[in-house]
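*Asks:* build me a model from this:
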Amino acid sequence: MSQSTARLRALPPVSLPMPRYRCPECCCGPAIVLHPPKGSVPVCARCRTVMERQPLVRPGPLLVLLTVGSALIAISIPALLTPTPPRRPPASQTTT
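*Replies:* Predicted coordinates:
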């Protein structure tokens with residue numbers, strides 16, 4: 001077996017994103033990565049409320065990022081398409 005084949009087999013398999021849960025009652029706590037069995041409901045250890053699943057990417061900030069990025073690109077397009085002014089020859093350094 002060659003080294004490149006052995007290297008490819010040593011890589012770990014690509015995994016799915018880890019499910020993150022957040023307690024709605026315990027404000028501002030970090031998202032906890034849990035792997036509950038199928039059919040079970042995760043419960044907060046502090047306040048005993050049912051935890052909510054948090055999406056990997058929240059749609060609000062993603063929408064803002066796309067809007068601001070597209071606006072910046074749209075503003076820069078006219079500047080890229082205008083021709084540059086011709087260069088003037090350098091002024092002579094001698095004084096007479």
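*Asks:* contacts for stretch 51-58, please.
*Replies:* Contacts with stretch 51-58, where a contact means Cβ atoms under 8 Å, 6 or more residues apart in numbering, come from 17, 19-24, 31-32, 34, 41-44. Every C-beta, even on glycine, is put in place using the N, C-alpha and C of the backbone.
*Asks:* measure the residue positioned nearest the centre of the chain to Pro37 for me?
*Replies:* For the chain, the residue nearest the mean C-alpha position is Val57 (7.9 Å; Cα atoms, centre = their mean). Going from Val57 to Pro37 by Cβ to Cβ, to the nearest Å gives 26 Å.
*Asks:* over to Ala91?
*Replies:* Distance from Ala91 to Pro37, counting by Cβ to Cβ: 80 Å.
*Asks:* what does Arg48 give?
*Replies:* According to Cβ to Cβ, Arg48 and Pro37 sit 19 Å apart.
*Asks:* so for those two, which sits in the more crowded spot?
*Replies:* Arg48 (9 against 5; other Cβ atoms under 10 Å).
*Asks:* where does that one land in three-state SS?
*Replies:* coil (DSSP: H, G, I helix; E, B strand; the rest coil).
*Asks:* one more: Arg88?
*Replies:* Classification of Arg88 using three-state DSSP returns coil.
*Asks:* and the pLDDT for it?
*Replies:* Looking at Arg88, its pLDDT is 83.
*Asks:* for it, grab the count of nearby residues.
*Replies:* Arg88: 6 neighbours (other Cβ under 10 Å).
*Asks:* I am finished for the moment; much appreciated.
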